[in-house]
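Peer 1: I need the structure of the sequence given here:
(2 chains, ligands or ions: 2)
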Amino acid sequence: MWTWIKLGGRNLLKNKRRSAFTVGAVALGFAAVNVFGGFTAYVYRGIEDGFIYAHANGHLTIFKKGFLEEGALDPASFLLSEEDLARIHEVCMEDPRVVLATPQLRISGMISNGKSSVIFLGVGRVPSDEIAIRRRAGGFVKLLRPFDGQELRDDTKQDVSAAPGLAEKLGLGLGSDAIVFAPTIDGQMNALDAHIVQLVDSPDEVLADKILIVPLEFARSLYDTTGADRMTVLIEHTRDTAAVREALDVRLAAAGLDVEIKTWQELRVSYFKIRNMFDVIFIFIFVIVFIIVLLSVVNTVGMAVVERTREIGTMRSLGLKRRGVLIMFAAESAVMALVGCVLGLALTLLAVFALDLAGPTWIPPTITRRVPLQVYLVPEYLLLSLLCLILLAMCTAVVPARRAARIDIVDALGHV
Amino acid sequence: MPLVKLQKVTRRYRLGQTSVTAVEDVDIEIDRGEFVALWGPSGSGKSTLCNLVGCIDLPSSGSVEVNGRNVADLSDDALSEHRNLSVGFVFQQFNLVPVLTALENVMLPLNLRGVAAREARAHAIDLLAELGIADFMAHRPDKLSGGQRQRVAIARALVGKPALVIADEPTANLDSGNALRIVSLMGQLNKSHGTTFIFATHDQRLLDRVSRRILLADGRVVEDTTQAGAR
Ligand SMILES: Nc1ncnc2c1ncn2[C@@H]1O[C@H](COP(=O)(O)OP(=O)(O)O)[C@@H](O)[C@H]1O
Ligand SMILES: [Mg+2]
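Peer 2: Numbers count the residues shown, from 1 in each chain, chains lettered A, B, ... in the order given. Ligands and ions are numbered 1, 2, ... in the order given. From the prediction side, this is the model:
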């Protein structure tokens, strides 16, 4: 094999210009695939971390069984009681991979400025837990501060956070007072005073004039309950999500809790839509790269076959088998692809580095603030594209090399 | 059993509508250790015969047997293996691989055989030394003179210790001094290693050095003489 690689390398050097064409095509293809792949990895990470950390949804959410289907009709019977919550918390924290488990209570009702009122969709959270979740974000999401104004606090129950659109509808702003109405779980009307200290980003436009975030105690008072409708669980590493879910499923069932667990992927459906879209674009780019590399390898090897007919005849007369001719050109093509990939890696690094230096910013999907645009280096992508391109180059070389393998030896030796 | 046995061998080439008969009705047997010259004017069929004997070409009719086996019955892989193990070629145009050094060219048949690189290298160096061109082993063919290239080609043909070495006009591209040296070198190797040599030439001066000469004309054997005491 070494002989073929050596021979291939030398022949490529001999025809620098022609090899350069294919090497360049592979390099550009490699860089295109990896820069785009690195960009999608960054976008996925942003969506993931945005949902899990920035919007404090955690990795896993535990509901009373049936809540997602029927909870809307009968919220009272699908709430987790204070005792349930305590036991769930205890079970969750037994798993060393769990960082934090915190209850949330979704609420809805009307918010009024005294004259007019509008509908809101709200969530009650433990402010200190929310902050703790946000702090654990990595990458650019860590830098994200998805609100204006000040943090909510555990000890000031009336301080709430509204989506800017909601505040605007009522002519309210930071520092304004409002009244929040809602029926309690028993169906009686309840009202609480609220003080807007924060204007919060909403992850979707449709919610930009609806969202109200309140301390959990505020939500509980409004609904007149000590329960919550879900337990949000944050774990150490996102990659453990499925494993922890399984473990908790078993433990919670063993503890006699009639609950179900959803992962962040299941709750964040748009993640997959965006992912699918990027995957389609990625396939598109890959197909283009594939075709270009394929064509240039066929061209380069095809020319080499014609040019080296005499050499092939000589090798055959020395005892090289037909299969050996294929291997010889496949090895040469592989060397070419390898050089291309190494150059492509340099190009990719250059692009990542340049992007770091230039520091462009943008607003990615489902993130609400301007953040630095980045491209991640994904070792899996780098390795996979290397293998794919080398394999592709080797397989493609076989097409023109087959002609070389079938060559008539005597004719080839007479070839000039 | 003769090393090579040709029976009623005819080789025709198609040229559009017409066909050219390059070799016709040839019966030859060559035994181990012979030193044979094929001679005759240009176009008499020497190269065609060399190719048939070396198993890089197949007859249109008749049979070529090597080691008692009909070449026509062997697969392409088997023929390739046979060439690699038992035949060495020396071409008129040298046909060295341009991107490989003299040493690497000589190592090629052993590489193809799967001999370990270190061993192949040692063999090749020994042979290059024996042929007096060890000093040039790191040179590429385009940096060598004609005589040096031909020695490298001979080394490549001999390195695998083949039973048969076929040389098609090995001296045609050399001046007469070099030509004589190459032929006497082949003669020595024939004696010392017992290697069978068949070489084609139209140069009469080389003929006194061979033990057997086969004269061809228009593709047929005109004369087949064995002379004792030659070389
Ligand atoms: N590939 C070929 N196609 C057509 N005719 C050929 C081919 N090779 C040789 N011939 C013809 O066969 C005859 C013998 O050629 P060759 O064996 O090369 O003779 P020599 O080597 O003695 O000069 C010549 O007439 C030549 O023109
Ligand atoms: Mg000839």
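Peer 1: Please tell me how far A:Glu130 sits from A:Gly124.
Peer 2: Counting by C-beta to C-beta, to the nearest Å, the gap between A:Glu130 and A:Gly124 amounts to 10 Å. Backbone N, C-alpha and C define where each C-beta goes, glycine included.
Peer 1: out of the two, which sits in the busier spot?
Peer 2: Neighbour count, other C-beta atoms under 10 Å in any protein chain shown: between A:Glu130 and A:Gly124, A:Gly124 has more, with 26 against 23.
Peer 1: Contacts only, for the more buried one.
Peer 2: Contacts for A:Gly124 (C-beta atoms under 8 Å, 6 or more residues apart in numbering or on different chains) come out as A:104-107, A:213-220, A:222, A:228.
Peer 1: How about it: what's its closest non-neighbour residue?
Peer 2: Distances taken as C-beta to C-beta, 6 or more residues apart in numbering or on different chains place A:Ala219 nearest to A:Gly124, at 2.5 Å, with adjacent residues excluded.
Peer 1: A:Phe120 is in contact with that neighbour, correct?
Peer 2: No: here A:Ala219 lies out of contact with A:Phe120, judged by C-beta atoms under 8 Å, at a distance of 11.6 Å.
Peer 1: The chain: helices as residue ranges?
Peer 2: Went with chain A since none was named. Ranges of helices within chain A are A:2-14, A:16-49, A:67-70, A:82-94, A:127-135, A:164-169, A:216-223, A:241-254, A:264-267, A:269-307, A:309-317, A:322-358, A:379-405, A:409-414, based on DSSP state H.
Peer 1: wrong chain, I was asking about chain B
Peer 2: According to DSSP H, the helices that chain B contains are B:46-53, B:76-86, B:102-113, B:117-130, B:146-158, B:176-193.
Peer 1: can you tell me the average pLDDT over the last one?
Peer 2: Same thing as helix B:176-193. The pLDDT scores in helix B:176-193 average 84.
Peer 1: Kindly report the same for the third one.
Peer 2: Averaging pLDDT along helix B:102-113 yields 95.
Peer 1: what does the second one give?
Peer 2: Confidence for helix B:76-86, expressed as mean pLDDT, is 95.
Peer 1: can you list contacts of it?
Peer 2: The contact list for helix B:76-86 (C-beta under 8 Å, 6+ apart) reads A:316-324, B:54-56, B:66-67, B:71, B:74, B:89, B:109, B:112-113, B:160, B:162-164.
Peer 1: hmm, try it at 6 Å
Peer 2: Outside helix B:76-86, the residues within contact range by C-beta atoms under 6 Å, 6 or more residues apart in numbering or on different chains are A:319, A:321-322, B:55, B:112-113, B:162-163.
Peer 1: okay, the angle between that helix and helix A:379-405?
Peer 2: Relative orientation of helix B:76-86 and helix A:379-405, computed by axes from the mean of the first three to the mean of the last three C-alpha atoms, to 10 degrees: 80 degrees.
Peer 1: again, but for the last one
Peer 2: Here helix B:176-193 runs at an angle of 100 degrees relative to helix A:379-405 (the same axes, to 10 degrees).
Peer 1: Name the residues of helix B:176-193 that are buried.
Peer 2: By neighbour count on 16 or more other C-beta atoms under 10 Å in any protein chain shown, the buried set for helix B:176-193 is B:178-183, B:185-187, B:189-190.
Peer 1: And stretch A:135-147, by the same measure?
Peer 2: Neighbour-count burial for stretch A:135-147, counted by 16+ other C-beta under 10 Å, picks out A:136-137, A:139-141, A:144, A:146-147.
Peer 1: Can I get it in CSV? Just the C-alpha atoms.
Peer 2: Extracted in CSV, the C-alpha atoms of stretch A:135-147 (Å, rounded to 0.1, in the frame of the first residue of the first chain):
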residue,chain,number,x,y,z
ARG,A,135,-26.5,31.2,35.4
ARG,A,136,-25.7,27.6,34.3
ALA,A,137,-26.0,28.4,30.6
GLY,A,138,-22.8,28.0,28.5
GLY,A,139,-21.7,29.6,25.2
PHE,A,140,-23.2,32.9,24.1
VAL,A,141,-26.5,32.2,26.0
LYS,A,142,-24.6,32.8,29.2
LEU,A,143,-24.1,36.4,28.0
LEU,A,144,-27.8,36.7,27.2
ARG,A,145,-29.9,38.9,29.5
PRO,A,146,-33.4,38.2,28.1
PHE,A,147,-35.1,41.2,29.9
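Peer 1: Distance from that stretch to the middle of the chain?
Peer 2: On the basis of C-alpha atoms, centre = their mean, to the nearest Å, stretch A:135-147 sits 15 Å off its chain's mean C-alpha point.
Peer 1: could you give the mean pLDDT of it?
Peer 2: 84.
Peer 1: Let me know the angle separating the helix-or-strand element of chain B with minimal mean pLDDT from helix B:117-130.
Peer 2: Least confident helix or strand, chain B: helix B:176-193 with a mean of 84, by mean pLDDT, DSSP states H and E. Orientation check (the same axes, to 10 degrees): helix B:176-193 against helix B:117-130 gives 120 degrees.
Peer 1: what residues does helix B:176-193 touch?
Peer 2: Here helix B:176-193 makes contact (C-beta under 6 Å, 6+ apart) with B:35, B:147, B:150, B:170-171, B:195, B:197, B:206, B:209, B:231.
Peer 1: Residue numbers of the stretch 201-350 of chain A in contact with chain B?
Peer 2: Neighbours of chain B within the stretch 201-350 of chain A, by C-beta under 6 Å from any C-beta of the partner chain: A:311, A:314, A:317-322.
Peer 1: and which of those residues is nearest ligand 1?
Peer 2: Nearest to ligand 1 among these: A:Ser317, at 15.2 Å, using C-beta to the nearest ligand atom.
Peer 1: hang on, isn't that closest one packed against B:Ile56?
Peer 2: Yes: the criterion here is C-beta atoms under 6 Å, and A:Ser317 meets it with B:Ile56 at 5.1 Å.
Peer 1: Neighbour count for these two, which is higher?
Peer 2: More crowded of A:Ser317 and B:Ile56, by other C-beta under 10 Å: A:Ser317, with 25 against 22.
Peer 1: mind listing what that one touches?
Peer 2: Applying C-beta under 6 Å, 6+ apart to A:Ser317 gives the contacts A:409, B:56, B:89.
Peer 1: Identify, from the residues you listed, the entry nearest to ligand 1.
Peer 2: Sorting the contacts of A:Ser317 by how near they are to ligand 1, with C-beta to the nearest ligand atom, puts A:Ile409 at the top with 11.4 Å.
Peer 1: Need the pLDDT of the nearest residue to that closest one once chain neighbours are set aside.
Peer 2: Spatially, and ignoring its direct neighbours in sequence, A:Ile409 is nearest to B:Ile56 (4.2 Å; C-beta to C-beta, 6+ apart). B:Ile56 is assigned 94 on the pLDDT scale.
Peer 1: go on, A:Ala27?
Peer 2: What the model reports for A:Ala27 is a pLDDT of 96.
Peer 1: What is the neighbour count of it?
Peer 2: Neighbourhood size, A:Ala27 [other C-beta under 10 Å]: 23.
Peer 1: Equivalent analysis for B:Leu96, please.
Peer 2: Using other C-beta under 10 Å, B:Leu96 is surrounded by 25 other residues.
Peer 1: Please report the distance of the closest residue to it other than its chain neighbours from B:Ile133.
Peer 2: In space, B:Leu96 comes closest to B:Pro141 once its chain neighbours are excluded; the distance is 4.0 Å by C-beta to C-beta, 6+ apart. As defined by C-beta to C-beta, B:Pro141 lies at a distance of 12 Å from B:Ile133.
Peer 1: ok, now A:Ile119?
Peer 2: 96 Å.
Peer 1: Then B:Asp208?
Peer 2: For B:Asp208, the distance to B:Ile133 - C-beta to C-beta - is 26 Å.
Peer 1: picking up where we left off before, more neighbours, B:Pro141 and B:Ile133?
Peer 2: More neighbours surround B:Ile133 than the other of B:Pro141 and B:Ile133, with 24 against 19 (other C-beta under 10 Å).
Peer 1: Verify the stated contact: that one with B:Gln150.
Peer 2: No: counting by C-beta under 6 Å, B:Ile133 stays clear of B:Gln150, with 9.9 Å between them.
Peer 1: End to end on stretch B:66-80, go ahead and measure it.
Peer 2: 13 Å (C-alpha to C-alpha, to the nearest Å).
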